[in-house]
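Trainee: How does the following fold in three dimensions:
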Amino acid sequence: MKDRGWDVTVDVREGSMEFPNGYHEDQAEAVERDREACFDQFGDDNVPLSEMSDEQWRDEYDTAVAVSECMVEHGHNVAEPPSFEVFKEGVLSGTSDWDPRADPDNPDMSSEEHYSRYEDCPFSKFEG
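Mentor: Predicted structure coming up:
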């Protein structure tokens, strides 16, 4: 949704999407159209993290690792991926500090710079 111009916040633990600044009622059809386009592209499983199957967890992990590898291929500095178990536990507990796009040598990277990396390597359904 962000790449379609929407100011949206996704809570991956709850499987929800919020518009912190809202949107005008005249935009409701456009929001729904773009949301459906994202679900068509990335899927509409909308499963809270606590209810994800092992296969869904593995898919998310494999996607994150692929994004990390993509970042390296595009010349970006990124941290080594954690093990699958550490990844899953960190996401579930909200303590994960691994981001496949973050630069470990630049912890103060601006949001603008961080999100510009999304263009090089799209991630999961949450970025549709």
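
Trainee: quick one, strands of this protein?
Mentor: 9-11, 16-18 (DSSP state E).

Trainee: Least confident of those, on average?
Mentor: Mean pLDDT is lowest for strand 9-11 among the strands of the chain, at a mean of 69.

Trainee: distance of the residue lying closest to Val78 once chain neighbours are set aside from Asp108?
Mentor: Among residues not flanking Val78 along the chain, Met71 sits closest, at 4.7 Å (Cβ to Cβ, 6 or more residues apart in numbering). C-betas here are computed from N, CA, C, even on glycine. For Met71, the distance to Asp108 equals 18 Å [Cβ to Cβ, to the nearest Å].

Trainee: quick check: domain ranges of the protein?
Mentor: For the chain, automatic domain parsing gives the domain ranges 2-42, 49-127.

Trainee: ok, Arg58 to Glu89 distance?
Mentor: 14 Å.

Trainee: sorry, that was for Ser116
Mentor: 30 Å.

Trainee: mind listing what's buried in the longest helix along the chain?
Mentor: Secondary structure of the chain per DSSP state H: the longest helix is helix 54-73. Buried residues in helix 54-73, counted by 16 or more other Cβ atoms under 10 Å: 57, 60-61, 64, 67-68, 70-71.

Trainee: Centre of the chain to it, how far?
Mentor: When distances are taken as Cα atoms, centre = their mean, to the nearest Å, helix 54-73 is centred 11 Å away from the chain's centroid.
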